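> Structure for the following, please:
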Amino acid sequence: MDFTFTEEQQAAAEAAKAVFSGVAPDGVPSPALTAGAVADDFDRPLWRRLAEADLLSLLLAPEHGGAGLDAIALALVLRESAKVLARVPLLETSAAALALETYGSEAARSALLPGVGRGEVVITVASNGRTGHDPAELSVAARQDGDEWVLDGVHTAVPWAQAADLILLPAHTGEGRAVLALVPRDHDRLTLADQFSTSGERYARLELDAVRVPARDMITCLLYTSL
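You can find the predicted model right below:
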């Protein structure tokens with residue numbers, strides 16, 4: 001087998017090195033010296049530079065303004081970000097965008113993905129469920145009501161939630177089907193309570209109380225779960 005990186009993957013890695021070269025790891029605040037979160041927001045100037053270098057759209061198809069590369073290219077970029085402890089939701093937004101592009105509605109893809117690539121739409125991901133020990137989708141119940149879905153439940157330890165535009169979160173239906181919902185961070189039925197990671201990052205506990213989401217913002221073509 002040939003494990004050599006392609007020219008496109010290598011180019012992505014080199015572009016990432018250039019963008020992250022200006023980030024000093026020792027410039028990241030130490031949680032040991034900071035009460036609460038090390039910062040209220042992620043590094044917005046760095047986010048803009050990533051967008052200008054087309055590194056936020058690596059996995060997106062050309063019709064959505066992306067390069068159409070694979071997860072290996074993203075992994076190489078993430079490796080460079082880890083070297084400097086970059087404070088950006090690169091993994092979360094990239095993973096959510098890929099899920100949306102692969103399984104989401106055409107309306108949602110057209111409305112959101114170009115903005116993701118330009119750095120204008122930030123999406124985070126809820127993956128810990130209520131406790132971090134059970135399947136995440138089991139912590140939120142979803143039911144369809146006409147052209148909308150209604151969500152009730154809790155997710156904990158959601159990174160970047162206070163700064164994101166949208167939160168991609170798993171839920172389950174009464175038939176035991178796993179679904180994903182794109183929920184606006186400022187939804188009036190969504191409550192965010194501050195939590196903090198061991199690295200001092202600001203996380204959030206999400207409480208959904210009859211949160212209504214239009215059908216276009218739901219991903220429902222997922223496998224059944226065992227409840």
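> Could you list the low-pLDDT ranges of this structure?
1-2, 221-227 (pLDDT under 70).
> so where do the helices sit in this protein?
With DSSP state H as the criterion, the chain has helices at 7-20, 44-52, 71-83, 90-103, 106-117.
> which residue sits closest to Val28, ignoring its sequence neighbours?
Leu85 (4.7 Å; CB to CB, 6 or more residues apart in numbering). Backbone N, C-alpha and C define where each C-beta goes, glycine included.
> ok, now how distant is the one you found from Ala164?
For Leu85, the distance to Ala164 (CB to CB, to the nearest Å) stands at 20 Å.
> now Ala13
26 Å.
> Compare those two and say which one has the larger neighbour count.
Using other CB atoms under 10 Å as the criterion, Ala13 and Ala164 rank with Ala164 on top: 24 against 18.
> contacting residues for the more buried one?
When contacts are counted by CB atoms under 8 Å, 6 or more residues apart in numbering, Ala164 touches Pro89, Glu92, Val122, Ile123, Thr124, Arg185.
> what are the phi and psi values for it?
Dihedral angles of Ala164 (phi, psi; degrees, to the nearest 10) stand at phi -80, psi 160.
> Distance to Leu59 added to the helices of the chain, as JSON lines?
As requested, the helices of the chain are arranged in JSON lines below (distance: least, CB to CB, whole Å):
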{"stretch": "helix 7-20", "distance to Leu59": "10"}
{"stretch": "helix 44-52", "distance to Leu59": "13"}
{"stretch": "helix 71-83", "distance to Leu59": "6"}
{"stretch": "helix 90-103", "distance to Leu59": "5"}
{"stretch": "helix 106-117", "distance to Leu59": "10"}
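> No further queries at this time; thank you.
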